[in-house]
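Trainee: output the structure for:
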Amino acid sequence: MRDKINNLIYPIIAITISLIIGAILIILIGKSPLEAYKVLFQESLFSYYGFANTLTKTSPLLLASLGILVALKGGQFNIGGEGQIYLGALGSTLAGLFIKNIPNLLHIILALIFGFFSGSLWGLIPGYLKAYRGINEVITTLLLNYIAINFISYLVNHPLAEPNAPGAYSPLIAEAAKLPVILPKTLAHAGIFVGIIAMIAVGILLQKTIIGYEIEVVGLNPKAATYGGISVSKTILLTMALSGGLCGLAGATEVMGLKYRLFENFSAGYGFNAVAIAFLSRGNVFAVLLTSLFFGALLSGANVMQRSAEVPFTIITVIQGLTLLFVGVSSQIKKE
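Mentor: Numbering: from 1, shown residues only. Model prediction:
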């Protein structure tokens, strides 16, 4: 019970301290922090179009954060979410471009499946290297990010390029593969529901199934897992595949719900933000929704804060970084 209370209190403290330091920085540039935060949160959470924009940004954050959290549960530090997002986007794009003449719902499901498995395959690479070659997954996932991003850049500039396009992007995906808009006259799409369904599924998987039990045991103590008859190598592979697949879904929903085509450098760093969100959630699957919404609100309201309160967008980046820092510090305090 005490651990559950601490898991709730520490992230709140981390966010609060980060906002206070952010307020000090705002004061130092001669602006009002109260006015800045009022604009930030009022626009992102309490206005129709601002909240729609928050939901749009929350969708990929939620899915990618679930992926990172699954990896952390299994004792793997997956910082390759960004690359897995790009591969997931590629998978759904291919499904949207080359699968034709099928019902809308079936097309959407197939495109999401393609996105999931594309991200899974990218996650399996560092999983295999860790499980069977002992290569640290931090290094491999980090390097694979750059390979994925540049691979997508090559594709949208050459074989998948829109003919005679002024920029680097693919043709539009089929109408049947597009996620529906959930708030009229906004960009908010059904990707948020995909994220919520995934959150519930991950919660059930980790808490109610044998697979989830094995992932957690391997994450806590690989030697004990081996002694108990659990294959550590296979569990690492499965963990990284699930992690990559969820991140891949984040990329898929970006293409299917927002972009409608594959762009060069389309991700706003969602895979890296997802690491902070997963740590902030402290292993609680359902807390990922709230933390993703918080980060989505920061990203959504930052531009308005910059325009209305004349506070630089970079203050939000500082707040995000400080939040992750203080969550890490609180984790060390808890261990001690």
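
Trainee: please make it C-alpha for all contacts and neighbour counts, starting now.
Mentor: Noted.

Trainee: contacts only, for the closest residue to Ala287 other than its chain neighbours.
Mentor: Spatial nearest neighbour of Ala287, chain neighbours left out: Ser281 (5.3 Å); criterion: CA to CA, 6 or more residues apart in numbering. Ser281 makes contact with 7, 11, 287-288, 291, according to CA atoms under 8 Å, 6 or more residues apart in numbering.

Trainee: so of the residues you listed, which ones are in helices?
Mentor: Mapping the contacts of Ser281 onto helices (DSSP state H) picks out 7, 11, 287-288, 291.

Trainee: reformat those residues as TSV; add neighbour count.
Mentor: TSV is the format used below for these (neighbours: other CA atoms under 10 Å):
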residue	neighbour count
Asn7	20
Pro11	23
Ala287	18
Val288	26
Thr291	23
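
Trainee: shouldn't Leu63 be within a helix?
Mentor: Yes: when DSSP: H, G, I helix; E, B strand; the rest coil is applied, Leu63 is found to be in a helix.

Trainee: from what I see, it and Ile197 are in contact.
Mentor: No: with contact defined as CA atoms under 8 Å, Leu63 does not reach Ile197; the gap is 9.8 Å.

Trainee: which one of those two is surrounded by more residues?
Mentor: Neighbour count, other CA atoms under 10 Å: between Leu63 and Ile197, Leu63 has more, with 35 against 13.

Trainee: next up, the contacts around the more buried one.
Mentor: Counted by CA under 8 Å, 6+ apart, Leu63 has contacts 195, 198-199, 246-247, 249-250.

Trainee: what's the span of stretch 42-56 from first residue to last?
Mentor: 17 Å (CA to CA, to the nearest Å).

Trainee: now do the buried residues in it.
Mentor: 43-45, 49-56 (16 or more other CA atoms under 10 Å).

Trainee: next: stretch 194-201.
Mentor: Buried residues in stretch 194-201, counted by 16+ other CA under 10 Å: 194-196, 198-199.

Trainee: coming back round to it: of the buried residues of stretch 42-56, which pair is most distant in space?
Mentor: Glu43 and Thr56 (14.1 Å; CA to CA).

Trainee: which residues in the stretch 51-200 of the chain form helices?
Mentor: 81-98, 104-133, 137-157, 191-208 (DSSP state H, counting those that start in this stretch).

Trainee: contacting residues around the nearest residue to Tyr86 once chain neighbours are set aside?
Mentor: The spatial neighbour of Tyr86 that comes closest, neighbours along the chain excluded (CA to CA, 6+ apart), is Gly251 at 5.9 Å. Gly251 is in contact with 60, 84-90, 115, 267, counting by CA under 8 Å, 6+ apart.

Trainee: tell me the one of those residues nearest Thr186?
Mentor: Pro60 (16.8 Å).

Trainee: tally of neighbours for the nearest residue to the closest one once chain neighbours are set aside?
Mentor: Taking CA to CA, 6+ apart, and ignoring the residues beside it in sequence, Pro60 has Ala250 as its nearest neighbour in space, at 4.3 Å. Using other CA under 10 Å, Ala250 has 39 neighbouring residues.

Trainee: ditto for Ile236
Mentor: Neighbour tally, Ile236, other CA under 10 Å: 26.

Trainee: element containing it?
Mentor: Using DSSP states H and E, Ile236 maps to helix 232-254.

Trainee: angle of that helix against helix 104-133?
Mentor: 150 degrees (axes from the mean of the first three to the mean of the last three CA atoms, to 10 degrees).

Trainee: mind listing what's buried along helix 232-254?
Mentor: Neighbour counts over helix 232-254 (16+ other CA under 10 Å) mark 232-233, 235-254 as buried.

Trainee: so after that helix, what's the next helix or strand?
Mentor: Scanning forward in sequence from helix 232-254 by DSSP H and E, the next helix or strand is helix 270-281.

Trainee: mind listing what's buried along that following helix?
Mentor: In helix 270-281, the ones that count as buried by 16+ other CA under 10 Å are 270-281.

Trainee: chain center to it, what's the gap?
Mentor: 7 Å (CA atoms, centre = their mean, to the nearest Å).

Trainee: stretch 62-80 too?
Mentor: Distance of stretch 62-80 from its chain centroid, counting by CA atoms, centre = their mean, is 9 Å.
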